[in-house]
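S.K.: 3D model of this:
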Amino acid sequence: MRSASSEPNDDTEPGAAWDRYAAASERQAASMLVREAAALKAAAANDREQAALLRHQAGLDLDAAGIDDLTGALCRRRGFAALQHEIDRCRRSKTKLVISFVDVDGLKRVNDTRGHLAGDELLREMAANLRASLRSYDIVMRFGGDEFVYSLAGATIDDAVARFDKLRASLAHINGDSASAGFAELGRSDTLDTMLARADSDLYERRRLRSSTAGVVTSGSQTPSLGLPRSDAPAPSSC
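M.R.: The predicted structure is shown next:
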């Protein structure tokens, strides 16, 4: 004879089985969520790693291409080579050539009063305005810090000055900032170095005359500084 305790309990055993099933399902679902979260975390980490690699590669590509990553202008090494090629080409074809040395006015003031991001934006705007005012085949190079150099083939200094005056007016209209420029026209015995030196000296003379006319003394405007960092200029571009 079976004891009462061995009798199946129809009221409790199905419920207990369902509870065990539900608990097992919850554990399985929780385990799946944990695995999915781990997979998402791993995917996010991989995405960050890939993005870092792409940014690094982009920097390497820009450096290899000789492009300044802030302004998009040519870096010094590639810019010097392009300018020399332009001098040689204009000599062969007996074409006039002007090289201009450009200095963004008051970049240190912008950095000090509006922040370095505003200074970077000013340099980008300067480069963008230069490209917009020149032809697609004219050369634009970031010489270093707040200085740019560009070429204008088939033009005289008067042509180059008129073109730059429009550019400076455009820059002042955008954000109230300005720039100064000096010019050198290719001569029979010129080298790239002598043209850059003349354009740099011309920049400081034009700035001095402009400041004198306006009754304003411009700091540092008396001393040409080709290749030498000035107290109000950031370090030369490293590329």
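S.K.: Please tell me how far the spatially most central residue of the chain sits from L122.
M.R.: In the chain, the residue lying closest to the centroid (C-alpha atoms, centre = their mean) is L70, at 1.3 Å. Separation of L70 from L122 (C-beta to C-beta, to the nearest Å): 11 Å. Using the backbone N, CA and C atoms, a C-beta is placed for each residue, glycine as well.
S.K.: now swap in T213 and tell me
M.R.: Per C-beta to C-beta, T213 is found 24 Å from L122.
S.K.: Likewise for I67?
M.R.: Using C-beta to C-beta, I67 is found at 19 Å from L122.
S.K.: more crowded one of those two?
M.R.: L122 (23 against 18; other C-beta atoms under 10 Å).
S.K.: what about the helix or strand where that one lies, distance to the chain center?
M.R.: Taking DSSP states H and E as the criterion, L122 maps to helix 116-133. What separates the centre of helix 116-133 from the centre of its chain is 9 Å, taken as C-alpha atoms, centre = their mean, to the nearest Å.
S.K.: same for that helix, what does it pack against?
M.R.: strand 97-104, helix 107-114, strand 140-144, strand 147-153, helix 157-175 (3 or more C-beta pairs under 8 Å, 6 or more residues apart in numbering; DSSP states H and E).
S.K.: List the contacts of A65.
M.R.: Contacts for A65 (C-beta atoms under 8 Å, 6 or more residues apart in numbering) come out as R78.
S.K.: Low-confidence ranges, the chain, go.
M.R.: Along the chain, segments meeting pLDDT under 70 span 1-14, 44, 46-64, 173-176, 214-239.
S.K.: and stretch 133-140, which residues are buried?
M.R.: Across stretch 133-140, burial judged by 16 or more other C-beta atoms under 10 Å covers 133-134, 138-140.
S.K.: Of those residues, which is the nearest to A197?
M.R.: Using C-beta to C-beta, I139 comes nearest to A197 of the buried residues of stretch 133-140, at 17.7 Å.
S.K.: Can you name the residues that contact the residue lying closest to that closest one once chain neighbours are set aside?
M.R.: Closest residue in space to I139, ignoring its immediate chain neighbours: S151 at 4.4 Å, by C-beta to C-beta, 6 or more residues apart in numbering. For S151, the contact set (C-beta under 8 Å, 6+ apart) comprises 83, 86, 97-100, 138-139.
S.K.: and the two most separated of those?
M.R.: Farthest pair in the contacts of S151 (C-beta to C-beta) is E86 and S100. Separation: 12.6 Å.
S.K.: quick one: which of these two has more around it?
M.R.: Taking neighbours as other C-beta under 10 Å, E86 and S100 compare with S100 leading, 27 against 21.
S.K.: That one bridge partners, please.
M.R.: S100 has these beta-bridge partners by DSSP bridges: Y150, F183.
S.K.: Distance of it relative to A179?
M.R.: Distance of S100 to A179, given as C-beta to C-beta: 11 Å.
S.K.: same deal with F80?
M.R.: For F80, the distance to A179 - C-beta to C-beta - is 21 Å.
S.K.: Lovely, talk soon.
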